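A.B. asks: Take this sequence and fold it.
(chains A, B, C and D)
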Protein chains: 2
Amino acid sequence: MSNTIYDIARQAGVSIATVSRVFNESPNVSSKTRKKVQNVAKEMGYQPQGMAQGLARRKKNVIMAVVPLLSNYFFLQVLNGIQDAISETNFELHIYNVKSSEKPVDQLKRLLGRRWADGYLFVSIHLSDSEWKMISQFDQQMVLIDDAYSACNYFQVNNKQGARKATRYFLEHGFKRIALITAKEESIPAAKRRQGYIQTLTDWGLTPDESLIVSGDTQYRDGFNEENGYEAMQKLLEQTPNPEAVVCMSDIQAIGAISAMKEQNLSLPIIGYDDIQLAKYIGLSTMRQPMYKMGKEGTNVLLDQIGKDQPKVVQKEYIPDLILRSTSSQQN
Amino acid sequence: MSNTIYDIARQAGVSIATVSRVFNESPNVSSKTRKKVQNVAKEMGYQPQGMAQGLARRKKNVIMAVVPLLSNYFFLQVLNGIQDAISETNFELHIYNVKSSEKPVDQLKRLLGRRWADGYLFVSIHLSDSEWKMISQFDQQMVLIDDAYSACNYFQVNNKQGARKATRYFLEHGFKRIALITAKEESIPAAKRRQGYIQTLTDWGLTPDESLIVSGDTQYRDGFNEENGYEAMQKLLEQTPNPEAVVCMSDIQAIGAISAMKEQNLSLPIIGYDDIQLAKYIGLSTMRQPMYKMGKEGTNVLLDQIGKDQPKVVQKEYIPDLILRSTSSQQN
DNA sequence: GAAAATATTGAAAGCGCTTACACTTTTCAA
DNA sequence: TTGAAAAGTGTAAGCGCTTTCAATATTTTC
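C.D. replies: Residues are numbered from 1 along each chain as shown, chains lettered A, B, ... in the order given. Next up, the predicted model:
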């Protein structure tokens, strides 16, 4: 069960070149020889080894999706899109999980240097511009999903618009003291969403109140975690008067916030962000991002570009949808 | 940024053998040469290509985790365990996602033939004995997680015991008409759980009532889906008298079942299976499986066996824990 | 200070495949 | 028939690395 092209060639009484041709569907093989080789190969359970092919061809027919901690619904949706796009080709999808214990950029450098794949999809990997620049120098085909870098292909949701939509919804429903539960300062999506929130208030003629913009102290996953939302909400509820409505940077924070409210028998209107699976079940209103779509379209662009030397850069932004469920209304 | 060992050798004024030695931490290099090579390599951003190394060494330092549709919390937990185990080594983890559109065994055959990895972790891949036999013939190191085959390493939860625990809980709390919401007949875990349920009733002196064992008609994911639970519950509620309590084969079915109950303003005690993330939030009682642990221990066994020619087979069974939350009590 | 022992290096073969090129066989028009 | 074109096949080089073995340089020993 572990034979090489030589074994097949010997058994079929042909040269290895011919065996190779059969497996590469070259037209230059007589149908008689082809049949013979195919039979022998089938019988002996032969398949070309990926490594040897990769080396000889300088092409592996592998796409690698690089994701951070495989732990959330967002990636899963994106991965489904990727998977579906790849299924239609003869590429394989390998997934690489970036650990939280080491700087992402270092892990990427190591990974890219090894050249395991023909193309890379970076899903929700957030690097600085200089880090992306460094990564681009590896000269590999790649597309960013859920992050942006001006010199790369990317598919991203417009975070600013997302926060705007949520904020505007509350404004239009008569709320004024709208709080924002935010995440780590350095997080780029967090910063953009914050901007969107502030601009919307300003556009509406209100003066943003810094004391209504809070984050919890628990910082793992850049503050996008349940405890963080809980803590943030506690801080908000210490203020008088209480805010009238809450915009959250993630569903998971919203969940934490809701439990903080419950403890005080409150239920302020709140909107999350992400539309994680849970959201539907607990009736959380939220901003939904087109995850599947980004995965699929991003992959198609990547596949399309592999092999071309100077493909043109594709960049696309999506606007998230506001999904209204029960938590956004006054008496939820 | 795309240079080979030759480039480094030339630049450093040594032979490629020496460069290779430096990268393989061979002791037979003078520290002067080592430094020189390291500097050049760093400067030129060199890293050995995985494919070439794999071919030359016949070892890739890659472990591949094979999972079916990356869509559920169970895998994610297992993957976390795997990841943590691998982090402590210099292996890389690549993940391969089995598609639902093609027979799993065929995908595995294709994958194993390519020899991308040194060892394989099959997570929740359920094959028949003859199929696993076929797969074993590839003569690759592997461990099964969440499935069993007598000739392989495996780490599994005892499905029968899981169902027993849930059923016994209800019996001990005075229920008699206990329904079982099951999945596809052919699913092995489903069959085992069913056995556990039936045996427990029998041991308790009751005669299992076939009409209380139902499944919905929606069959994707082997019936482990929300609609299936919903439909099953509807069937149960058509019967008079209604069952007194419900044991479910998965949390997701339990969720479906609960919404069916809600529609009729009922809330029978129910226990799910899996302890998905959602369960905690909706207060679903459930059977928790040691997913992280299985992932980690399974990986350690695999890593340990790689390289050995006749490693001894490791097989382990875990008993799931009953997690009591609100849905299992009378008035939830 | 020379021989022996040891440390360091390089040349070359090989891992399993692809593919350019050369060679042989078949086909077919004249 | 013949010969040129077309089709089929094999030889050999190469993909980027590891590793054995032989060669050379350095150290140690007395």
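
A.B. asks: so residue A:94 sits in a strand?
C.D. replies: Yes. Using DSSP: H, G, I helix; E, B strand; the rest coil, the secondary structure at residue A:94 is a strand.

A.B. asks: For the closest residue to it other than its chain neighbours, give its distance to DNA strand D.
C.D. replies: The shortest distance from residue A:94 to any non-neighbouring residue, by CB to CB, 6 or more residues apart in numbering or on different chains, is to residue B:94 (4.4 Å). In short, each C-beta sits where N, CA and C put it, glycine included. Distance from residue B:94 to DNA strand D, counting by CB to the nearest atom of the strand, to the nearest Å: 19 Å.

A.B. asks: I'd say residue B:94 and residue B:116 touch.
C.D. replies: Yes. Between residue B:94 and residue B:116 there is a contact under CB atoms under 8 Å: 7.0 Å.

A.B. asks: Common neighbours of these two, please.
C.D. replies: With contacts taken as CB atoms under 8 Å, 6 or more residues apart in numbering or on different chains, residue B:94 and residue B:116 have A:94, B:62, B:64 as neighbours in common.

A.B. asks: three-state assignment of the closest residue in space to the last one that isn't next to it in sequence?
C.D. replies: So that's residue B:64. Distances taken as CB to CB, 6+ apart put residue B:117 closest to residue B:64, at 3.8 Å, once the chain neighbours are dropped. Secondary structure, three-state DSSP: residue B:117 is coil.

A.B. asks: just to revisit the earlier point, how many other residues sit next to the residue nearest to residue A:94?
C.D. replies: Residue B:94 has 23 neighbours, counted by other CB atoms under 10 Å in any protein chain shown.

A.B. asks: domains of chain A?
C.D. replies: A:5-48, A:61-157+A:291-318, A:159-289+A:322-328 (automatic domain parsing).

A.B. asks: possible to save those as CSV with distance to residue B:148?
C.D. replies: Converted to CSV, these look like this (distance: least, CB to CB, whole Å):
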stretch, distance to residue B:148
domain A:5-48, 24
domain A:61-157+A:291-318, 25
domain A:159-289+A:322-328, 29
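
A.B. asks: Tabulate the ones you listed (TSV), appending distance to residue A:54 and mean pLDDT.
C.D. replies: Formatted as TSV, the domains of chain A follow (distance: least, CB to CB, whole Å; pLDDT from 0 to 100):
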stretch	distance to residue A:54	mean pLDDT
domain A:5-48	10	92
domain A:61-157+A:291-318	8	91
domain A:159-289+A:322-328	35	94
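
A.B. asks: so where do the helices sit in the stretch 101-250 of chain A?
C.D. replies: Remark: helices assigned in the stretch 101-250 of chain A by DSSP state H, counting those that start in this stretch are A:104-114, A:129-136, A:159-172, A:188-203, A:226-238.

A.B. asks: and of these, who's closest to DNA strand D?
C.D. replies: Closest approach to DNA strand D among those is made by helix A:104-114 (8.7 Å; CB to the nearest atom of the strand).

A.B. asks: ok, and does the closest one reach over to chain B?
C.D. replies: Yes. Counting by CB under 8 Å from any CB of the partner chain, contacts between helix A:104-114 and chain B involve A:110, A:111, A:113, A:114.

A.B. asks: wait, what's in contact with the residue nearest to residue A:94?
C.D. replies: Contacts of residue B:94 (CB under 8 Å, 6+ apart): A:64, A:94, A:95, A:96, A:116, B:62, B:63, B:64, B:65, B:116, B:117.

A.B. asks: Go through those residues and name the one nearest residue B:274.
C.D. replies: residue B:65 (18.9 Å; CB to CB).

A.B. asks: my read: the closest one touches residue B:82, true?
C.D. replies: Yes. Between residue B:65 and residue B:82 a contact is recorded at 5.5 Å, counting by CB under 8 Å.

A.B. asks: Overlap in contacts, those two.
C.D. replies: Common neighbours of residue B:65 and residue B:82 (CB under 8 Å, 6+ apart) are B:93, B:121, B:123.

A.B. asks: beta partners for the first one?
C.D. replies: Right, residue B:93. residue B:63 (DSSP bridges).

A.B. asks: any idea how far residue B:25 is from it?
C.D. replies: 22 Å (CB to CB, to the nearest Å).

A.B. asks: Those two - which one has more neighbours?
C.D. replies: Per other CB under 10 Å, whichever of residue B:93 and residue B:25 has more neighbours is residue B:93, with 23 against 8.

A.B. asks: Now for that one: which residues touch it?
C.D. replies: A:96, A:97, B:62, B:63, B:64, B:65, B:82, B:83, B:86.

A.B. asks: Sort out which one of the residues you listed lies nearest residue A:17 for me.
C.D. replies: After measuring the contacts of residue B:93 against residue A:17 - CB to CB - the closest member comes out as residue B:62, at 29.3 Å.

A.B. asks: is it true that that closest one touches residue B:116?
C.D. replies: Yes. Using CB under 8 Å, residue B:62 is in contact with residue B:116, at 6.5 Å.

A.B. asks: the more surrounded of these two?
C.D. replies: Taking other CB under 10 Å, residue B:62 and residue B:116 do not tie; residue B:116 has more neighbours (25 against 19).

A.B. asks: Next, the distance between the ends of stretch A:167-186.
C.D. replies: End-to-end distance for stretch A:167-186, by CA to CA, to the nearest Å: 22 Å.

A.B. asks: give me every residue that touches residue A:274.
C.D. replies: Residue A:274 neighbours (CB under 8 Å, 6+ apart): A:73, A:74, A:250, A:251, A:252, A:286, A:287, A:288, A:289.

A.B. asks: residues contacting the residue lying closest to residue A:127 once chain neighbours are set aside?
C.D. replies: With sequence-adjacent residues excluded and distances taken as CB to CB, 6+ apart, residue A:127 is closest to residue A:105, at 5.7 Å. Residues near residue A:105 by CB under 8 Å, 6+ apart: A:127, A:131, A:134, A:135.

A.B. asks: for residue A:235, same thing?
C.D. replies: Applying CB under 8 Å, 6+ apart, the residues near residue A:235 are A:214, A:216.

A.B. asks: Surely residue A:19 touches residue A:8?
C.D. replies: Yes. Contact between residue A:19 and residue A:8 holds when scored by CB under 8 Å: they sit 5.0 Å apart.

A.B. asks: which parts of the stretch 1-150 of chain A sit against chain B?
C.D. replies: By CB under 8 Å from any CB, the residues of the stretch 1-150 of chain A that approach chain B are A:1-2, A:45-52, A:54-55, A:60, A:64, A:69-71, A:76, A:79-80, A:83, A:87, A:92-97, A:99, A:101, A:110-111, A:113-116, A:137-139.

A.B. asks: Check the residues you listed for burial and list the buried ones.
C.D. replies: A:46-52, A:54-55, A:60, A:64, A:69-71, A:76, A:79-80, A:83, A:92-97, A:111, A:113-116, A:138 (16 or more other CB atoms under 10 Å in any protein chain shown).

A.B. asks: what residues are up against the closest residue to chain B within the stretch 51-200 of chain A?
C.D. replies: Residue nearest to chain B within the stretch 51-200 of chain A: residue A:113 (3.1 Å; CB to the nearest CB). Going by CB under 8 Å, 6+ apart, residue A:113 touches A:138, B:45, B:46, B:47.

A.B. asks: All set, thanks.
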